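>>> Using only what follows, build the 3D model:
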Amino acid sequence: MSSPIKNIIIIGGAGSIGPATISELISNGFTVSILSRESSTAKFPKDVTVYKTDYSTTSLLKAFQGQDAIVSAIAVLSAPQQASIIDAAIEAGVKRFIPSEYGIDSASSGVADLVPVIRGNKKSSNTSEPRNLPVSHGPLS
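Here you go, the predicted model:
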């Protein structure tokens, strides 16, 4: 049996859904960290650890050490960047990756034809499955 998910890092925590995600995770007892661009001036709650990153493999590995899960809250148009994030997550031993499309099952055939902007999400999140990093698409069960 795998250990429970306790430590979660959020990417895109200053965006439109980031603050609500941070608040809910904290209120439900998770230890929350934020991955933030080096140039960001965003403010976060005092009880979260903020890792500033240039998105290099070295800085991602440092931030992902000890994390159980990653919640990607990046903009849908930035989703192709998730491939390098997933690579670093696997190397760091992260147990689960939740891609930025939350309610859209980008793994489902035909969805990319209906919502072309998620094509990058499907490509990036598909790179993790064969390498043993579970990706949660759509509703979590």
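>>> C-alpha from now on. contacts and neighbour counts both.
Noted.
>>> hey, where'd the strands end up in the protein?
With DSSP state E as the definition, the chain shows strands at residue ranges 7-11, 31-37, 49-53, 69-72, 96-98.
>>> pretty sure Asp26 is touching Val32, no?
One correction, residue 26 is Ile, not Asp. Yes: contact criterion Cα atoms under 8 Å: Ile26 and Val32 qualify, at 6.5 Å.
>>> which of these two has more neighbours?
For the pair Ile26 and Val32, the greater number of neighbours falls to Val32 (23 against 17), based on other Cα atoms under 10 Å.
>>> just checking, the more buried one touches Gly13?
No: distance between Val32 and Gly13: 10.5 Å, which falls outside the contact criterion (Cα under 8 Å).
>>> Could you name every residue contacting both of the two?
Taking Cα atoms under 8 Å, 6 or more residues apart in numbering as the criterion, Val32 and Gly13 both touch Ile22.
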